[in-house]
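J.: Sequence first, then the predicted structure:
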2 protein chains.
Amino acid sequence: DVTQDVDEALIQKFIAEVDNIAIQENLRELTKVPHMATSTGDEKTVQYMLKRWQDPDTGLDQAWREEYKVYLSFPDPNTPNKVTVVSPSDAVLYTAREKEKAYSPDQEDPEVVQPYAAYAPAGHPKGRLVYANQGKPSDYLLLNQTLDLTGTIAITRYGGEGRAGKAINAAPYGVIGVLVYTDPWDINDGKMSDTNETYPYSWYMPPSGVERGSFNTHYGDMLTPYLAAKDDTYRIPAKNITGIPPIPTQPIGFEDAYALICALGGEAAPSEWQGAFKCTYNLGGPGFKPTSTFNNSDVKLDIYNREELKNSANVMGVIRGSVEPDRYVIYGNHRDSWVHGAIDPSSGTSVMLEVTRVLGRMVKQGKWRPRRSIIFGSWGAEEFGLIGSTEYTEEYYSKLSERSVAYINVDISVFANATLRASGSPSAQSVILKASKQVKTPGSDSTSVYDNWIRYFNRTSPTYGVIPNVGFLTGAGSDYAAFIHFLGITSMDISYTYDRTKTRARIYPAYHTAYDTFDYSSKFIDPGFTSHQTVARTAGNVLMRLADSLLLPFNCSDYAETLEGYLNKALELYTDGLAAHSISIKPLKDAVSKFRFAAASLDKLIRDSDLADETPLKVRRINDQLMLLDRAFLDPVAFPDRYGFRHVIWASSNAGQPTFPGLADAYARATSTGLDSDWKEAHRQLSTLIQAIQGAAHTLGDVI
Amino acid sequence: DVTQDVDEALIQKFIAEVDNIAIQENLRELTKVPHMATSTGDEKTVQYMLKRWQDPDTGLDQAWREEYKVYLSFPDPNTPNKVTVVSPSDAVLYTAREKEKAYSPDQEDPEVVQPYAAYAPAGHPKGRLVYANQGKPSDYLLLNQTLDLTGTIAITRYGGEGRAGKAINAAPYGVIGVLVYTDPWDINDGKMSDTNETYPYSWYMPPSGVERGSFNTHYGDMLTPYLAAKDDTYRIPAKNITGIPPIPTQPIGFEDAYALICALGGEAAPSEWQGAFKCTYNLGGPGFKPTSTFNNSDVKLDIYNREELKNSANVMGVIRGSVEPDRYVIYGNHRDSWVHGAIDPSSGTSVMLEVTRVLGRMVKQGKWRPRRSIIFGSWGAEEFGLIGSTEYTEEYYSKLSERSVAYINVDISVFANATLRASGSPSAQSVILKASKQVKTPGSDSTSVYDNWIRYFNRTSPTYGVIPNVGFLTGAGSDYAAFIHFLGITSMDISYTYDRTKTRARIYPAYHTAYDTFDYSSKFIDPGFTSHQTVARTAGNVLMRLADSLLLPFNCSDYAETLEGYLNKALELYTDGLAAHSISIKPLKDAVSKFRFAAASLDKLIRDSDLADETPLKVRRINDQLMLLDRAFLDPVAFPDRYGFRHVIWASSNAGQPTFPGLADAYARATSTGLDSDWKEAHRQLSTLIQAIQGAAHTLGDVI
Ligand SMILES: [Ca+2]
Ligand SMILES: [Ca+2]
Ligand SMILES: [Zn+2]
Ligand SMILES: [Zn+2]
Ligand SMILES: [Zn+2]
Ligand SMILES: [Zn+2]
C-alpha cells in the first residue's frame, strides 16, 4: 500500500515491549569478556550479533558480516610499556603501574589490554619531566617562555585538547615523550581514595584507572583514506600518516601522576593548571625538585606499541521495506570496546539488540513491515578511529548517498540516568522531540522524556519558544561522523546522561578503563536498566517514524532557524573584519534568506497537500527534497586537507564559535596571521558556504 | 497519469513537423552579426532566444537569463596584435596580416575580432624562428637535440596537441613566443589557392584564414574553480591560473606561415613534420636561411591581449514535466561564436530552436506535456572554455545531481552532410540507436539514419554484432564536459559529419574563422539544411524518449560491455607490469564481473516486470538506478589536480589507450619514471577504479 503511514498503535506496542531486563541480559552477554577490536572477545560478539539477528523468531530479514583489513596499534603483550623514574646512575627509583588494580575478577582477565596510547610510536625517550597542563598549543607556548623544553618529557592531563594533539603540539618544542593522565579534578569531582571514595564504592575512577584511547586526529582507517580497506586496496606508506603522535606517549593512572607531579620542581603552574592533587603543581625545573627523592632524575618511557593490519568485522542486518525498499534508515553502534566496555559501547549495543528483538518479532510474526528499509550496523574498530563505519561508507558510498534517509547512532546509550541528550541535524529535531514526548522517563508513569529533558537542557527557539536543546553533530566523536560529514546523511546521536549540577566529570569515570564493566554499570550507572530502556524506546520510536512515515518527519524550516542563528553570530563577529578586507558578508545574509524562503515554500506545499490522496510520486518528490537536504551542504573541496569533512555547516572547528565552521576557522587564522593569502582563504570559505546554502535552497524550492 | 509512456504517434508528429527551412531561417537570424561572448552581437542572440522561448504560441513554459561574471581575454581593438620580421637594423621586412581577407561583406563587419590566442599573455618577444611541428613535448624534445631554443620564437601547426600546450611545452626550453597556423595539409587536403580552390570556391580555408581559440587546459571560468562566478564570489589571483600559455602566442594564416616557414634555415625537419607547402620545412638555423631576404632577422610578436571580467548570460528555458517534474532531461548548446559562427555554434542553436518550436507548439496547444521536465540551456562563453555551462553546473550542483536524467549536447550540428555521429555514455547507446532507426537520412524516404550511419562508423559488439559506433565522451570538447565529468550525468553529443574517405580535414575548414558564415554553411556544408533537419529529428526523438518513457531508455548491460572492453585492454597492457610491482589486477577483473552480474540482474528484473501495472514507486526505483548509474562513477579525489574531472571511466587521458584513463595515465607515468611513488599512484588509481566499479554494481543490484 503506497499510502502506508506510521501506525501509532504499533509504536505504542513497540514501546510497551521494550524490556529493561532483556537489555540487562544483553549487556551481561556482551560484557562477559574484554572485546577490543579484532580480539577473540570481539569475534565472540560478532557471533552473538549474528545469532541474534539471524534468530528465526526475533531476528531480521538478513544478517551477515563484512570485513576490512585495517591498521591498528597494540602494546606488546610480552613486553609491556613501562614508565619509570631513573636516577643519574641509572637506578630505577619508581615504576608506574603496568595494569590497573583489580577490584573484581573482570580486571584480572588476561585479555585486559595494558593501558596505552594507540598509534603513539615505540621508543625509549628519557628526560626531565615538565607539567604541560592539557597539552594545548597555548600550554606549551607558556611553558616555553621560562623553560627550555628540549629533551623533556611532558606530563599532561586529559581534556582541553584531542589525545594526539598533546604530543603533536609538544614535539615542535623539542619535547621527546608525553605522559597523559586523568586528574581527579576533571573526572572524580576531586575524589581520590580507593578505600572509601572510588569504585567499587562509587562510580569514581580508582587511582590506578587509565583512560585508553586512539591517539589520532583523522577518522577512518589511516592507510586507506577514501578507499575501503580490502585486502588488495592501495595503502599509503605508514610514514605518510599525519595526525598521530610524533613522539612516544603513554597514559597512566592518577596514582602515578600524583607521585610524579607532586615531586616536580620549578615554578608553580598557573592556577588554572592546578588539579585535585594535594600539592602545588609545579612546571618542573625542568625535572624534580631538589627536596624530592627524584632529584636530578629523569623520567623514562619504554614504549613497545606496534602497528598491525587486522581483519575487523562489521555485522550488518536488514529489514526490507515494503513500499520503498530503496530508502534506508540506518541505525548503528560500534561493537568493539577497549576492555569489557559495558557502557562504551555495550550499553548501546544492548539497546540496539532490544530494538531489533522487538521489531524483529513484529516482522517475523507478520505484524509489521516498515515502509522503508532499515539497516542495522554493528561497527568494528570504532575505538581506533571510527574505522568500521567509515570503511562501510567508503565502500557503499554511491548506494548510501542515493538512498539513505537518516542515520541514528546510539553508542554509549547511558552515561548517567538523569536525562535524555540528543544531537543531530536541525531537520531531525522535530522527530526526536515528538518521540521524546511519547516515552515516559524512567520510573515514572506521568513525566515524559521530553518534560524531563527540557529541565536539564533547553534553549529558546525563535519559532517554538523554550524547547529541549538538540545539539549539533560538529565533531567526529562516534560513528555518526562518516554519515553526516562524509556522506551528508541526516544523522542523530542519542543517549541518557548526567545531571550537570551533580558532577563536573568530563565523562563517566570508568570510560575506557578496565572498570567499565557490567558490575559498574548495573551498580552505578543505571541500576535496573530503566534508562537503557528509555533510550531504546526513544531511539526506536524515532527509527519507526523515519521508516514508516508517509511524509518524512523532517522539518526544513528548523534548518533555516539554525542557519539564521549561525548567521547572526557570523554577522556579529565578522562583518567589520571582512569589510576591512573588502569582503562583503551581505551575500551570506541573502543566501540564508533565500533558504528560509525556500523552506517556507516547501512547508506550505506540504501543508496544502493531502498527501495520502496525492500521487505517490508527489510524496516521493517531497520526501526526496527532505532526504537530500543535508546532502546539499556537502562540498568535497571545501576542506581538502581534512579527511571526510565535507559538510560545510557541521565540519568541526577550532574557533570555538557557534557559527559556520569553515568561515570561523579561516577568519580566526586570517586575523591571527594577517596574511593576504589567509584573507583570500576566508573569502573562499565564505563563497563556498554561500554556494552551499544557495544550492540547498534550490533543492527546497519548486522542483522546476 | 503515472503510467504515462512514450506516445509513438507524437514522436512521428514531431519528426514530421521539424522543418529544414525553419532551421535555415533560424540560422540566418542567429548569424546576422558576429556574436562573440559578451559582445553586443551576443546580447542580440540572448534577446532572440528569449523572444523565441517566450513566444506565446511556440515557446516554452518559462524562459529567463542567468548571468555570471567571468574572466575573458580579448585583443585590444585599438592596438592590434602584430607579427613581423625585423632586420638586425630594426627594419620591418614583413608584416603578417592583421585580419582575414574579405570575400563577402560578412568579413568586413567591424565586429569581426582579430585572430588571437585567448589567454595568451601580452608581450613583445623577438627572436630567431624555429619550426616546432605540432608543439608536442616530443617535438620540442627533438628540436632541442640539435638547437639551442633559448630566446627563439617557435612556429607550430594546429593539431596533435591542445592549443595552450604548444606554448606550455615550449617555455621550459627557453622559447619566448609561439606562432600557430593551420597547415593546408591538415585542413585543406593540400589546397592553397584562393583564386580557384579555397572559399568562396569550396569549403576549404582561404590562405588568410585563422583559427581563433581559447588557449587553456582547464574548463570553466578560470578564476572561480568550483564556485559559480557571481559578483561577490571569491576569485583566485590571476597569477595562480595554470594551463594557459606562459609566453605570448599568436595564430596566423597559412599564407603568412608559408612565407616564414619556407624561409627557415637549418636542417630539414623530419618527414612527419612536413606539411603541404611547396618547400622543405626546415627546423630553423635557428632563424632564416642565408639565402632568404630574412637572413639574420628575427620574428617579433607584439601581443596586446588583455583580460577582462565580463557578464556572460546563459538563456534557460523549461517545459514542466507532468508526472515527474523533479526529473530533468537537459538539452543544451552554446550560443557564443568567435565570429558569425554559422556552424559553430549556430548550426546547433538553429536546430535547438526548431526542436523547441515544434515541442513548444505541442505544449501550447495542449497536445503534449512530457512526463519529466525538460530544461533547455543556451550557454554563454563556451568558446573561452565551456564557461556558461560549467558555471551553471557549479551553481546548481545539488539540484542537478539529484534530478538530472540526461544531458544532450548539440553544438556544431552539421560538420558535413555524410552521416550521423554520436558520442555518449554506454547506457545511452540504445536510445540513440532506436531514434536513429526512426529518422530517415537526408533526401531519402527509405534509408534510415541508422542504416546510413552504420556504413561510416561501426563496430562489432559482443552483444549485438555489427552496430553503429557510438563514441565515448572522454574529453572536454564542448558543453557536455561539466555534465558528464563533473556531475556524472549520462550525456550525449550528436551531430552530422564527414565522409572520412573524402577528406582528411581536421575539422571543417572555416572552423573559428571569419568564413564560418551563413553563406558558407548554406553553400558548402548543408545546402537545403536537410542534415540540420535530420539532426533535429534524431536529437529531438532522443529527447522525447528520455522525457516520456515510463522506463528510462537506458541499458546498463551496455555499460558492462564497455567496461569489459576497457578491462580486456587493461589486462593486456598492464597485468605483467603491475604484477612486477606486486600489484594484482585481478580485483579489477572481479569488479567488472560483479558489475556485469548486477546489470544482468537489473535487466532481468525489468524484463520480468509489467511496469505499467507496477506501483509507480517500483518504476521510479528502477529509473533511479538507471539515472544514477553514471553518478556512481564519480570520485572527487580520483584526480584532485584536474578541475572538473571526477568520472573515473571517462576522464580525459594522455596515454592514448582505449581503457580506464586514471590507470592508463598512472601506469604510463610509472613505467616512464620508474619511481616508487609513481607505482604507488598507479596502485591508488587501480583501487579507486575498482571501488567505483563495485560501487556502481552495488547500485544496480537488489536495492536491499
Ligand atoms: Ca578507508
Ligand atoms: Ca566557476
Ligand atoms: Zn563508543
Ligand atoms: Zn570509546
Ligand atoms: Zn562549439
Ligand atoms: Zn568553437
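T.: The structure has been received and is ready for your questions. Numbering: from 1, shown residues only, chains lettered A, B, ... in the order given. Ligands and ions are numbered 1, 2, ... in the order given.
J.: gap between the residue nearest the centre of chain A and ligand 5?
T.: In chain A, the centroid-proximal residue (CA atoms, centre = their mean) is residue A:477; its distance is 1.8 Å. Distance of residue A:477 to ligand 5, given as CB to the ion, to the nearest Å: 51 Å. C-beta coordinates here come from the backbone N, C-alpha and C atoms, glycine included.
J.: Am I right that that residue is in a strand?
T.: No: assignment of residue A:477 by DSSP: H, G, I helix; E, B strand; the rest coil gives coil, placing it outside any strand.
J.: In the stretch 101-250 of chain A, what residue comes closest to ligand 2?
T.: Going by CB to the ion, ligand 2 is nearest to residue A:226 of the stretch 101-250 of chain A, at 24.1 Å.
J.: tally of neighbours for that residue?
T.: Residue A:226 has 20 neighbours, counted by other CB atoms under 10 Å in any protein chain shown.
J.: same thing with residue A:15?
T.: Around residue A:15 there are 21 residues (other CB under 10 Å).
J.: how many other residues sit next to the residue in the stretch 451-600 of chain A that ligand 2 sits nearest to?
T.: Per CB to the ion, residue A:587 is where the stretch 451-600 of chain A lies closest to ligand 2, at 15.1 Å. Around residue A:587 sit 21 other residues, with neighbours defined as other CB under 10 Å.
J.: Name the SS class of residue A:374, please.
T.: Applying three-state DSSP: residue A:374 is strand.
J.: my guess is it meets residue A:545, correct?
T.: No: if you go by CB atoms under 8 Å, residue A:374 and residue A:545 don't touch, sitting 11.9 Å apart.
J.: Tell me which of the two has more neighbours.
T.: Each of residue A:374 and residue A:545 has its neighbours counted (other CB under 10 Å); residue A:374 has more, 29 against 22.
J.: Now do the same contact list for that one.
T.: A:318-319, A:321, A:328-331, A:359, A:543, A:547 (CB atoms under 8 Å, 6 or more residues apart in numbering or on different chains).
J.: Now rank those residues by neighbours and give me the top one.
T.: Busiest of those [other CB under 10 Å] is residue A:330, holding 29 neighbours.
J.: Quickly note the distance from the residue lying farthest from the centre of chain A to ligand 3.
T.: In chain A, counting by CA atoms, centre = their mean, residue A:89 sits farthest out from the average C-alpha position, at 45.7 Å. Taking CB to the ion as the measure, residue A:89 falls 45 Å from ligand 3.
J.: what about that residue, which helix or strand?
T.: Counting by DSSP states H and E, no helix or strand carries residue A:89.
J.: got the phi/psi numbers for it?
T.: The phi/psi pair for residue A:89 (degrees, to the nearest 10) reads phi -90, psi 20.
J.: ok so, going back, contacting residues for the residue nearest to the centre of chain A?
T.: residue A:493.
J.: The stretch 301-450 of chain A against chain B: which residues are in contact?
T.: By the rule CB under 8 Å from any CB of the partner chain, the part of the stretch 301-450 of chain A lying against chain B is A:318, A:320-321, A:323-326, A:328, A:373, A:375, A:394-399, A:402-403.
J.: still on that earlier bit, can you tell me, leaving aside adjacent residues, what's nearest to the residue of the stretch 101-250 of chain A closest to ligand 2?
T.: residue B:637 (5.1 Å; CB to CB, 6 or more residues apart in numbering or on different chains).
J.: Cheers, nothing more for now.
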